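[1] After the sequence you'll find the predicted model.
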Amino acid sequence: MSATADPPVLVLLHGLGANQFVWDPLIGSLPWDGAIVAPDLRGHGGAEWRGRYSFGAMAADVAEMLADEYADDPYVVLGHSMGGIVGLALASGWFGAPPLAAATIGVKLRWSDEEIGRIDDLASRPPREFPDRADAVEWFMKLAGLHGVIAPDDERIEEAIDAGVMRTDTELRFTDDGEPMRIDPPGPAPGWCVAQDPATVEVGPPDMTGLLAAAKCPVVMALGEHDPLVAVDHHHDLAAAASSKPLAAGVTTPFVFAGVGHNAMVEDPQQVIDWLATLPGFADAL
């Protein structure tokens, strides 16, 4: 990037069960020179619950938001877990201009037949209700992969928790600009639930072969050393796809964040920043 060029927009995409605010620990330490965008993906946080959930639908939502708010500005994308797959969908160029680069953290690559077989049942269930907010917070922490990783009263994730749970009688309305907003009726809450549509699990396993083949920008991947959902050897499954796609050649040898689990950007954001500083497309804005 030239000295006079504007830095790219940094797009941060959260994982299944989380929301935009899980990126707060990273954003708070990130010396990014340009704009940072961290949307709630459909069915999560403050975003609208929809009738259909797929990586492509989520990528289309993000692409529409970027087109509306940032026109033709270049951007790079960093996605965590499910958000990493949404980022790879954007990298295909199927939904608009692809990013300059796409990076992922903690993408689950191996799915058992049992896991796949449970998706329809899980997606059809109503939101789980709790009598107390604390119980809903604990459930949110488990769904977002944060339980046992960080204390629920840690101020770094305060906003993530506030956005991750809601009263069972909360109403979703829209501003004049069409933005969703929550309205809580007066009086005590009748119950609590997480702010995630259970049907979001419909996204299911990603087609990594197809996504990597379609990539129109450099793709790099990383994971935590102790991530329970993915391991380095799982990335060896991508060898055939990577061998025919120079832009994704490095996905079989992911970067490993030492000493952390699934949510590296929460557990040790500095390691993530140091990694980004080595990546084309990201480094010039740091």
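    The structure has been received and is ready for your questions.

[2] Strands of the stretch 151-286 of the chain, start to end?
    With strands called from DSSP state E, counting those that start in this stretch, the stretch 151-286 of the chain shows them at 165-167, 171-174, 180-183, 192-194, 219-224, 255-257.

[3] I'd like the ones you listed as a markdown table, with mean pLDDT and mean neighbour count appended.
    (C-beta placed from N, C-alpha, C; glycine too.) Below are the strands of the stretch 151-286 of the chain laid out as a markdown table (pLDDT from 0 to 100; neighbours: other C-beta atoms under 10 Å):
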| stretch | mean pLDDT | mean neighbour count |
| --- | --- | --- |
| strand 165-167 | 96 | 21 |
| strand 171-174 | 80 | 11 |
| strand 180-183 | 82 | 12 |
| strand 192-194 | 97 | 23 |
| strand 219-224 | 98 | 25 |
| strand 255-257 | 98 | 20 |
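
[4] Among the ones you listed, which comes closest to His44?
    strand 192-194 (9.3 Å; C-beta to C-beta).

[5] now that closest one, how far from the centre of its chain.
    Distance of strand 192-194 from its chain centroid, counting by C-alpha atoms, centre = their mean, to the nearest Å, is 20 Å.

[6] Also stretch 177-186?
    Put simply, stretch 177-186 sits 23 Å off its chain's centre (C-alpha atoms, centre = their mean).

[7] who touches that stretch?
    The contact list for stretch 177-186 (C-beta atoms under 8 Å, 6 or more residues apart in numbering) reads Gly46, Ala47, Glu48, Met166, Arg167, Asp169, Thr170, Glu171, Leu172, Arg173, Phe174, Thr175.

[8] how near is the residue nearest to the fifth one when sequence neighbours are not counted to Asp169?
    Spelled out, that is Arg167. Leaving aside its chain neighbours, Arg167 sits nearest to Ala189 (4.1 Å; criterion: C-beta to C-beta, 6 or more residues apart in numbering). According to C-beta to C-beta, to the nearest Å, Ala189 and Asp169 sit 7 Å apart.

[9] now do Glu158
    Counting by C-beta to C-beta, the gap from Glu158 to Asp169 is 23 Å.

[10] Neighbouring strands - and their directions - for the helix or strand hosting Gly79?
    Take DSSP states H and E as the rule and Gly79 turns out to sit in strand 75-80. Note on strand 75-80: by DSSP bridges, its sheet partners are strand 9-13 (parallel), strand 102-105 (parallel).

[11] between those, which one is nearest to Pro127?
    strand 9-13 (22.6 Å).

[12] quick one on the thing from earlier: could you report the neighbour count for the residue nearest to Arg167?
    Applying other C-beta atoms under 10 Å, we find 16 residues neighbouring Ala189.

[13] Does Asn263 touch Gly83 like I think?
    No: using C-beta atoms under 8 Å, Asn263 makes no contact with Gly83, being 11.6 Å away.

[14] intersection of neighbour lists for these two?
    In contact with both Asn263 and Gly83: Gly15, using C-beta under 8 Å, 6+ apart.

[15] Would you check how far apart the most far-flung residue of the chain relative to its centre and Arg167 are?
    In the chain, the residue that sits farthest from the middle, by C-alpha atoms, centre = their mean, is Gly187; the gap is 33.7 Å. Going from Gly187 to Arg167 by C-beta to C-beta gives 10 Å.

[16] Next: Pro7.
    From Pro7 to Arg167 the distance is 40 Å (C-beta to C-beta).

[17] pLDDT weak spots in this structure?
    The chain contains residues with pLDDT under 70 at 1-4.

[18] would you list every one of the helices in it?
    Using DSSP state H, the helices assigned to the chain run over residues 24-29, 55-70, 82-91, 113-124, 133-143, 158-164, 208-214, 239-243, 264-267, 269-276.

[19] Check which helices and strands the shortest one is in contact with.
    Using 3 or more C-beta pairs under 8 Å, 6 or more residues apart in numbering; DSSP states H and E, the elements in contact with helix 264-267 are helix 24-29, strand 219-224, helix 269-276.

[20] Same check on the third one?
    Using 3+ C-beta pairs under 8 Å, 6+ apart as the contact criterion, the elements in contact with helix 82-91 are strand 9-13, helix 55-70, strand 75-80, strand 102-105, helix 208-214, strand 219-224.

[21] Quick one: residues in contact with the last one.
    Contacts with strand 219-224, where a contact means C-beta under 8 Å, 6+ apart, come from 84, 88, 91, 101-107, 212, 230-232, 235, 247-248, 250-251, 254-257, 260-264, 267, 272, 275, 279.
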